[in-house]
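1. Make a model of this:
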Amino acid sequence: METVCAALPHPLLPFPPRFFLSSRPRPHTALERRSQSSLASGLVLSLAAAAVLAGCGSKASLSTAEVPRAGIAKIDTVVVIYAENRAFYNLYGRFPGANGIPGVNPSAKGEYIPQKDVDGKVLASLPPTWGSVTAPGQAKVVTQAQSTGLPNKPFQIDAASGLDVDAAVTTRDLVHRYYNNIMQINGGKNDMFAAYLDAGGLSMGYYDGSKMAMWKVAREYVLADNFFMGAFQNHQCLICVCTPQYPDAEKLPGARQITKIDVDA
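-> Numbers count the residues shown, from 1 in each chain. Reported below is the predicted structural model:
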């Protein structure tokens with residue numbers, strides 16, 4: 001018998017989610033689930049980390065008397081899935097009960113912030129997906145021209161009203177650069193993603209994630225709907241709660257990836 005502590009997707013996040021304890025028999029075998037989908041906000045199976053486990057006793061919707069801490073000791077496996085390089089909205093924005101896409105998911109909190117151009121003015125429409133929507137070698141081709149004129153709001157990539165590109169089709173990549181991301185966030189306004197992205201309006205696109213196998217897993221376990229960073233650093237932070245370091249990077253093969261800032265006096 002295993003006791004699993006799980007957090008319900010809570011519409012009031014970023015306040016602490018509610019926790020509950022449930023018991024069920026399970027075979028002591030490893031369960032592997034593979035998915036090509038990824039999620040910049042982590043998907044957590046069973047529990048996220050020791051801090052979350054502690055929360056089961058301190059921030060639970062049930063009292064400490066009702067949930068003996070001895071039950072936590074019965075958890076024998078904690079699996080954490082970090083799926084990188086996608087925003088939560090991109091795949092799970094329509095997830096029932098989650099803080100999803102404003103104007104699309106009824107349980108979403110807040111409002112959509114219209115994207116602005118580099119001059120600070122609201123874009124009349126989203127910019128096209130520069131170069132091409134689809135990556136080279138795909139059976140289906142959607143060009144830059146075909147992505148022109150989308151309304152300045154989130155759109156469903158795999159819908160006829162969007163780009164009509166199924167999730168199985170590989171789209172072009174998006175820029176992975178620290179300083180681009182800082183400009184996109186724009187001091188917390190989050191209104192410059194389309195302007196400072198080499199893929200243009202594709203940044204506002206999302207899929208119907210309910211077709212994915214991982215969607216079903218999220219329903220059974222924990223979905224971190226307000227976790228906005230699925231980068232590699234979090235893999236290390238989960239284990240050591242420390243910032244990863246790369247000593248003597250300038251002397252090693254990774255030197256070419258070091259960002260250099262030119263200062264014009």
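2. CA atoms for contacts and neighbours, from now on please.
-> Will do.
3. neighbours of residue 206, just the number please.
-> 25 (other C-alpha atoms under 10 Å).
4. and it, what are its bridge partners?
-> Counting by DSSP bridges, residue 206 forms beta bridges with residue 156.
5. Run the chain-centre distance for stretch 176-183.
-> 16 Å (C-alpha atoms, centre = their mean, to the nearest Å).
6. Buried ones in stretch 143-154, by neighbour count?
-> 143, 144, 147, 148, 150, 151, 152, 153, 154 (16 or more other C-alpha atoms under 10 Å).
7. Identify the farthest-apart pair in those.
-> 143 and 153 (20.1 Å; C-alpha to C-alpha).
8. Can you give me the end-to-end span of stretch 120-136?
-> Start-to-end span of stretch 120-136 (C-alpha to C-alpha, to the nearest Å) is 33 Å.
9. Next, find the distance separating residue 153 from residue 219.
-> On the measure of C-alpha to C-alpha, residue 153 and residue 219 end up 27 Å apart.
10. what does residue 257 give?
-> Counting by C-alpha to C-alpha - residue 257 and residue 219 are separated by 39 Å.
11. between those two, who's got more neighbours?
-> residue 219 (13 against 9).
12. and that one, that's in a helix?
-> Yes - counting by DSSP: H, G, I helix; E, B strand; the rest coil, residue 219 falls inside a helix.
13. roughly how far apart are it and residue 81?
-> Going from residue 219 to residue 81 by C-alpha to C-alpha gives 14 Å.
14. Please apply the same query to residue 124.
-> 38 Å.
15. And residue 194, by the same measure?
-> Counting by C-alpha to C-alpha - residue 194 and residue 81 are separated by 28 Å.
16. So between those two, which is more surrounded?
-> Neighbour tally, residue 194 and residue 81, criterion other C-alpha under 10 Å: the higher count belongs to residue 194, 26 against 16.
17. any idea what sits nearest the more buried one, other than its immediate chain neighbours?
-> Using C-alpha to C-alpha, 6 or more residues apart in numbering and skipping residues adjacent in sequence, the residue nearest residue 194 is residue 200, 4.7 Å away.
18. where does the chain have low pLDDT?
-> 1-68, 228-232, 265 (pLDDT under 70).
19. Against residue 80, how distant is the closest residue to residue 115 other than its chain neighbours?
-> Using C-alpha to C-alpha, 6+ apart and skipping the chain neighbours, the partner closest in space to residue 115 is residue 191 (4.5 Å). Noted for residue 191: a distance of 31 Å to residue 80, by C-alpha to C-alpha.
20. repeat for residue 248
-> Distance from residue 248 to residue 80, by C-alpha to C-alpha: 31 Å.
21. try residue 192
-> Taken as C-alpha to C-alpha, the span from residue 192 to residue 80 is 31 Å.
22. Which of the helices or strands spans residue 82?
-> Using DSSP states H and E, residue 82 sits in strand 79-83.
23. Mind checking which of residue 191 and residue 80 has more residues around it?
-> Using other C-alpha under 10 Å, the more surrounded residue of residue 191 and residue 80 is residue 191, with 21 against 17.
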